[in-house]
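> Build me a model from this:
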Amino acid sequence: MVRLHLHLLSDSTGETLENIAKAALAQYDDVETVRHFWPMVRTEMHLDRILQEIAQNPGLVIFTLVNPATRAALENRCRALGLPTVAPLDPVNDALSMLLGQQAKARPGRQHVLDAAYFARVDAIQFTIAHDDGIAHEDWEEADIVLAGVSRSSKTPTSIYLANRGFKTANIPIVVESPPPRFLFELKNPLVVGLTTSADRLIQVRRNRLLSLNQAAETDYVDQDAVAREIAFARRMFADNGWPMIDVTRRSIEETAAAIIALVNERRGQAPRATGE
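Modelled structure (predicted):
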């Protein structure tokens, strides 16, 4: 196994940089990565302290620094140490600069300005947390999306991910013995999406959940026949009501959310927008 020191330097929160590094590293096997994360790097004094750490743990340096002096200091020192540096946003900025006929403003953290979109996202997160697991169904008409599915079909994590993308999302479990409120079938505004999965995968997830709670691992909750009937019941409900259904068996949360957002955009008559990081 290869061991790699990865130094991530950002003059803002570093969220973009972390996502880029995560996506790239996912393409490689048998790599032990030691991440050194340095956000809010905006002075050469701060950079000097970081460079000492880089010299002690040489590796790949990836950065998003817009200040020319800070950036030059980092590149010069790394060049002297014989270490590679990568500025992943450079090709994008160069292409935009050429097409738009103007230079980038070189303002750190400008993408995190507290604008209307930021507050809309905060509002979506608050709404989603308050409407998890069937709570406050009387407010669902205010939602953009309502997710329905059997227990442990990734409804909550998918809801939170969608909320972070600005979509007010409620979710409700589909339980054979306790049908959802009639209000769910009368919704006009939100898009109702059914999440389903394979019985084997669902049993595995549920069994792990029971073990983590130190509860009995042999109940109807994980019985093969009972789970198969539960999934079939939910799928019939989705089909009978004309709700789009997404099988999450082999999908990550991000992939499931991307498919849901595409459905929302299609419903709104908008062109699909990329959602993957």
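
> Give me the pLDDT for residue 143.
Per-residue confidence (pLDDT) for residue 143: 97.

> My guess is it contacts residue 124. True?
No: counting by CB atoms under 8 Å, residue 124 is not a contact partner of residue 143; they are 9.4 Å apart. C-beta here means a position set from N, CA and C on the backbone, and glycine is covered the same way.

> Need the overlap of contacts for those two.
Between them, residue 143 and residue 124 share these contacting residues under CB atoms under 8 Å, 6 or more residues apart in numbering: 168-169.

> residue ranges of the strands in the stretch 1-150 of the chain, please?
Applying DSSP state E, counting those that start in this stretch to the stretch 1-150 of the chain gives strands spanning 2-10, 31-38, 60-64, 85-86, 145-149.

> Given the shortest one, what are its sheet partners and their directions?
Going back to what we said before, that points to strand 85-86. strand 60-64 (parallel) (DSSP bridges).

> Now the partner strand: average pLDDT?
Taken as a whole, strand 60-64 has an average pLDDT of 95.

> low pLDDT regions in the stretch 51-200 of the chain?
Within the stretch 51-200 of the chain, the segments meeting pLDDT under 70 span 104-116.

> which stretches of it form helices?
Secondary structure of the stretch 51-200 of the chain, counting by DSSP state H, counting those that start in this stretch: helices at 68-81, 90-100, 116-130, 155-164, 199-212.

> what does the fourth one contact?
Read that as helix 155-164. Applying CB under 8 Å, 6+ apart, the set of residues contacting helix 155-164 from outside is 121, 124-125, 127-129, 132-133, 144-145, 147-149, 169-173, 195, 248, 253-254, 256-257, 260-261.

> Quick check: the gap between the residue sitting furthest away from the middle of the chain and residue 47.
The centre of the chain is farthest from one residue, residue 80, which by CA atoms, centre = their mean lies 37.6 Å away. When distances are taken as CB to CB, to the nearest Å, residue 80 and residue 47 turn out to be 14 Å apart.

> got a pLDDT number for residue 7?
Among the per-residue scores, residue 7 shows a pLDDT of 95.

> Same question for the one 10 residues further on.
Looking at residue 17, its pLDDT is 88.

> so what's it up against?
Here residue 17 is in contact with 8-10, 62-64, 88 (CB under 8 Å, 6+ apart).

> same deal with residue 234?
Here residue 234 is in contact with 148-150, 174, 194, 196 (CB under 8 Å, 6+ apart).

> rerun that using 7 Å as the cut-off
Remark: with contacts taken as CB atoms under 7 Å, 6 or more residues apart in numbering, residue 234 is in contact with 149-150, 174, 194, 196.
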